[in-house]
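In: turn this into a structure:
(4 chains)
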Amino acid sequence: MSSLIEFAQTAESIAATSKRTTKALLLGEYFNKLVDEDLITGARFFAGYIFPLRDQRTINIGGAALLTAITTIANIEKSKYQERLVKLGDPGDVAFEVLSDNLKSSELASTLSLGNLFSKLEQLAGVSGTKSKTSLVTELLRIATPLEAKYIVKLLAGDLRIGLKEGAVEDALARLFKVPVAKVQWVNMLTGDIGETAILARHHRLEQAKMRLFHPIKFMLASPADDLTEVTKQMPQGFAVEDKYDGIRAQVHIGGGKRQDSLHGTVINDCRVALFSRTLDEITWTFTDLIEPLAQLISDDTDNGLILDGEIVPIRGAKILPFQELQKRLGRKQVKQELIEEVPVAFIAYDILYANNSVLIEEPLKERRTILDSLRLDTEKVKRGLHKQFDDISGLDAEFAAARARGNEGLMVKDLNSTYKPGRRGKEWLKIKRAIATLDVVITAAEVGTGKRARFLSDYTFAVRQSETEPTLLNIGKAYSGLTDAEVTEISNWCRAHTIQELEHGRVCIVEPKLVLEVTFDRVQPSSRHNSGFALRFPRILRIRTDKPVEEIDTLETVQSLAETTHVNEINVPPNLEAAQEIFKNIISNLDKNQHIVIMHDSDADGVTAGVILQKILQRTGFVQVTRIIPDRERNAWAPSNRDKIKATAPDYLFVLDLGCQSEPVIPGIPTCFIDHHRPEGTPPNSTLITAYTWAPIPNTSLIVYSLCTAITDATDLDWIAAIGTISDLGEKAPFEMLAVTKTKYTAKYLKEATTLINASRRAADYNPEISAKVLLTHNSPRDIVNSTTPEVEQLRSAREQVKVEMEKARKAAPTFAGLVALIRINSPCQIHPLIAQSWRTRLPKYIVIVANEGYLPGKVNFSARTDSGINILDFLRNVGLPEGEGSYGHGHDFASGGSLPITRFYELLSKLGFDPPQPPLISGE
DNA sequence: GGTGTCTGCCCC
DNA sequence: ATTCTGC
DNA sequence: GCAGAATGGGCAGACACC
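Out: Take a look at the predicted model:
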């Protein structure tokens, strides 16, 4: 039996060097002296565990219980302990110090052995109740020498802090027993126990370890990449792009009923199913609603097992729920049926590690994906992760935006040639998240660190101002991450010099609120943790802003605007094109060919092309009465003037294209179908919504309409019309096959020029988009339009010239800034504000660009808002807090919106955005 | 029974 | 989770 | 490039205390 003191002494000498090879050597020498039983324990302890990884037991002892135990034995005040802890930064070091000062403990002889300690720790895990646990710890520490106590405390605190973890133990074992380190890692992964691995290595039995179903293996992890060039550099051979889901990483084991040898999982219909979390904890019972759907993946007559890697995601219908919803299901003793219904989940599989009796982790991702694709992964509860293969990064920005629009965090980019490397965080998997915004905040308090940061005030609480006018500071988060050691030292010294008040024995210092930091984060969420009512998810510091005075830090209003308080409401939407086509077919087959069908569509190229395609197809399939209507310049189907227009036609059935969807009926009593790609805000009764808002990537409306029509008849002769809408809305590089096909068929040049012409009519001062519709209806190709000499096309040409002239004038307008917003004011009868906004968005990527046009409609301001900042404009505008009233704004896309408001209301909006005071309206013609 | 504190190789 | 640092 | 260390927020459970 080896003594604990030897373990402690070895740990001391390992801690004394920073050289990894020396550490491994010292550890090897120690291991060499141990008998098998002690080697198991010693290896586990040095890896920082008490129990093997796959063991589900926990100790449930932390800093508070250790404080009680140590102060009892050393017979000191709690405050003395806390003072020491503040100074030393490690409860183990404190134990050593105070017990050395204690006569009884310092004179003890070492009696504890490794095995001895382990059985006491097992006992500790076995009892329940803080009191009994604390008294067990107290008795244990009472018979320990100061040095032994130091390491017992470190083990209980969960961290040895000697610059060595499990990986280094593997390394030491490999060196000692002269076997390849990869082999040791492999066996450790399979066994899930570094202790058992050590024994197998010593007795040259590493080959015996086999991958077994229902024994989880470690997960392959990804490295962060914020720069797409890294993708090009790392994966020149091609890569896969997948959504990064915000859920819980899970490994699913599914096996035939004959395998009854395992403790993990549960058997259903002769099939065993188990789920494991990233820390290899079994979470089968947390997600009981997934068991049966997963079991279905295996046909009853086979005994073949499966291991899948994926993510458990909270999802209702097509809508992905916030991660916090999912957390409500975690760590529960029992997950009740109500909770299962309140937070439905699905398992989204994106990798396969075992199938057909063979281990697949040595196969390249490309192969594994092919095998995964052969499974039936298409139910409500078990899905296949989105996966596309690329050769270059040109489409990645669009993929990223689409992933975000689906409610996911970002993208995963994976090397198609890479094998699955358990437990590794390599560059073969990259995660792309992109911070959404930054905040300038001021440090209000600093806390001393632990471990090597014990000498510094290394953790900073920071605040924002209540408002521009109210200087009260409200805390919003804490961080140290992102600072270099030098910066931590610098800020620490500054905080010491500017401390106003010390709390908790100097652990917390309230400091003068003067030092400004720029921080970033993944998301702002409502929270009771800080007095601002908000907290940051994954906060980190970008830089110290010594250039910025406290008066200029961000305000609570900014924070509110960044908070994700709104969600796409519970609207039933088709999850993909196939589902949408089914719905559309159904609608068409239920309509009578003699009914009056009315189509109201938007006036831009996307809307007009969508309307024309639908009109042509309806007529082609035998409908005799089809009317198209274009809304007035407000482009709002719910505006009274437009409603009147529709009513006047006395429709039997109404299609509303590219104009959004709200919960109020357009014409009460008239059945309506909305076809759209904006964020839906509700659905009226007696209506159908076909929206692509949740699809990936999001197509434009003319493309949706075209694709729907192909489901009922041949429409290929209208492909160029759809392409014009797509180019107008999404650009000529939009990631759709149809676009590429039409570009070769009609040439990109003609398509582009036709698009400009079709768009010109609604931008010109004498708003008349019906001309564009007429041109589309009377021509047969984009080339036909471009070369046409009809009066309508001539009209479009002169409209285009007019827009060009107006654009030249408006380009000279300079932005003014307030908070997150860059405002450009123009005065033009033409609808050029969206074009101007588009041109500024890339030049001001950190701002929300708002281009306000005061000359478009008399008495009104029409504005376009665009951003590349990642801030969701729909949420932003909704959170500005403009009271209800005349006009409308804040509909559309996450990063492209706008509105039309009476002048006074627009000025009210401006002042809420921080522009003050609003200037008088510009004189027309200026 | 309500509230506050501590804990989790928790989950991210 | 994120980030920096020493090997 | 990797492993180690030090740090964030939110949730449920278990208990202590009132």
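In: what's near enough to touch the closest residue to A:G892 other than its chain neighbours?
Out: Nearest residue to A:G892, sequence neighbours excluded (C-beta to C-beta, 6 or more residues apart in numbering): A:H678, at 5.0 Å. Heads up, the C-betas are built off the backbone N, CA and C, glycines and all. Taking C-beta atoms under 8 Å, 6 or more residues apart in numbering as the criterion, A:H678 is in contact with A:D658, A:G660, A:C661, A:T691, A:Y693, A:H891, A:G892, A:H893.
In: shouldn't the fifth one be in contact with A:H677?
Out: Yes: between A:Y693 and A:H677 a contact is recorded at 5.9 Å, counting by C-beta atoms under 8 Å.
In: between those two, which is the more surrounded one?
Out: Using other C-beta atoms under 10 Å, the more surrounded residue of A:Y693 and A:H677 is A:H677, with 25 against 21.
In: the more buried one: what's its closest spatial neighbour, skipping adjacent residues?
Out: With sequence-adjacent residues excluded and distances taken as C-beta to C-beta, 6+ apart, A:H677 is closest to A:A692, at 4.4 Å.
In: please report phi then psi for the one you found.
Out: When read as degrees, to the nearest 10, the backbone of A:A692 gives phi -100, psi 10.
In: surely it meets A:F674?
Out: No: counting by C-beta under 8 Å, A:A692 stays clear of A:F674, with 11.5 Å between them.
In: which residues are in contact with each of the two?
Out: By C-beta under 8 Å, 6+ apart, no residue touches both A:A692 and A:F674.
In: report the contact partners of the residue in chain A that DNA strand D sits nearest to.
Out: Closest residue of chain A to DNA strand D, C-beta to the nearest atom of the strand: A:G451 (1.8 Å). By C-beta under 8 Å, 6+ apart, A:G451 lies in contact with A:G89, A:D90, A:R161.
In: wait, isn't the first one in contact with A:A454?
Out: Right, A:G89. Yes: judged on C-beta under 8 Å, A:G89 makes contact with A:A454 at a distance of 2.4 Å.
In: out of these two, which sits in the more crowded spot?
Out: Neighbour count, other C-beta under 10 Å: between A:G89 and A:A454, A:G89 has more, with 20 against 16.
In: what parts of chain A come near DNA strand B?
Out: For chain A, the residues in contact with DNA strand B (C-beta under 7 Å from any atom of the strand) are A:47-49, A:51, A:53, A:58-66, A:158, A:166, A:246-249, A:277-279, A:281, A:283, A:323, A:327, A:330-331, A:538.
In: how about the helices in the stretch 551-700 of chain A?
Out: A:556-562, A:577-589, A:605-620, A:640-648 (DSSP state H, counting those that start in this stretch).
In: which residue is most remote from the mean position of chain A?
Out: A:E107 (56.2 Å; C-alpha atoms, centre = their mean).
In: quick one: it and DNA strand B, what's the gap?
Out: Relative to DNA strand B, A:E107 is positioned 29 Å away (C-beta to the nearest atom of the strand, to the nearest Å).
In: so what pLDDT did A:K33 get?
Out: We have a pLDDT of 97 for A:K33.
In: burial count for the residue lying closest to it once chain neighbours are set aside?
Out: With sequence-adjacent residues excluded and distances taken as C-beta to C-beta, 6+ apart, A:K33 is closest to A:S2, at 6.9 Å. Burial of A:S2 is recorded as 18 neighbouring residues (other C-beta under 10 Å).
In: read off the pLDDT value for the closest residue to DNA strand B within chain A.
Out: Per C-beta to the nearest atom of the strand, A:G62 is where chain A lies closest to DNA strand B, at 2.3 Å. Per-residue confidence for A:G62 comes out at a pLDDT of 93.
In: my read is that it contacts A:V137, right?
Out: No: assessed by C-beta under 8 Å, A:G62 is found out of contact with A:V137, at 10.8 Å.
In: so which of those two has more stuff around it?
Out: A:V137 (25 against 13).
In: what is the helix of greatest length in chain A packed up against?
Out: Counting by DSSP state H, the longest helix found in chain A is helix A:791-810. Packing partners of helix A:791-810 (3 or more C-beta pairs under 8 Å, 6 or more residues apart in numbering; DSSP states H and E): helix A:748-763, helix A:770-778, helix A:833-841.
In: looking at the ones you listed, which is buried most?
Out: Most buried of the helices and strands packed on helix A:791-810 by mean neighbour count (mean count of other C-beta atoms under 10 Å) is helix A:748-763; its value is a mean of 23.
In: and it with helix A:605-620, angle?
Out: 100 degrees (axes from the mean of the first three to the mean of the last three C-alpha atoms, to 10 degrees).
In: contact partners of helix A:748-763?
Out: Outside helix A:748-763, the residues touching it (C-beta under 8 Å, 6+ apart) are A:603-605, A:608-609, A:720, A:723-724, A:727-728, A:732, A:742-743, A:767-772, A:775-776, A:781-783, A:785-786, A:793, A:795-797, A:799-800, A:803, A:830-832, A:835.
In: likewise stretch A:814-827?
Out: A:437, A:554-555, A:557-558, A:561, A:810, A:813, A:832-833, A:836-837, A:840, A:844, A:847-855, A:869, A:871, A:876, A:910, A:913-916, A:922-926.
In: quick one: distance of stretch A:487-498 to the chain centre.
Out: Taking C-alpha atoms, centre = their mean, to the nearest Å, one finds stretch A:487-498 lying 34 Å from the centre of the chain it belongs to.
In: next one: stretch A:277-297
Out: Distance of stretch A:277-297 from its chain centroid, counting by C-alpha atoms, centre = their mean, is 23 Å.
In: how about it: buried residues?
Out: A:277, A:280, A:282-284, A:286-291, A:293-297 (16 or more other C-beta atoms under 10 Å).
In: that stretch close to DNA strand C?
Out: Yes: Stretch A:277-297 reaches DNA strand C (C-beta under 7 Å from any atom of the strand) through A:R278.
In: can you give me the pLDDT of the most centrally placed residue in chain A?
Out: In chain A, the residue lying closest to the centroid (C-alpha atoms, centre = their mean) is A:E409, at 1.7 Å. pLDDT for A:E409: 92.
In: again, but for A:R434
Out: Predicted confidence (pLDDT) for A:R434: 84.
In: and A:L708, that's in a helix?
Out: Yes: assessed by DSSP: H, G, I helix; E, B strand; the rest coil, A:L708 belongs to a helix.
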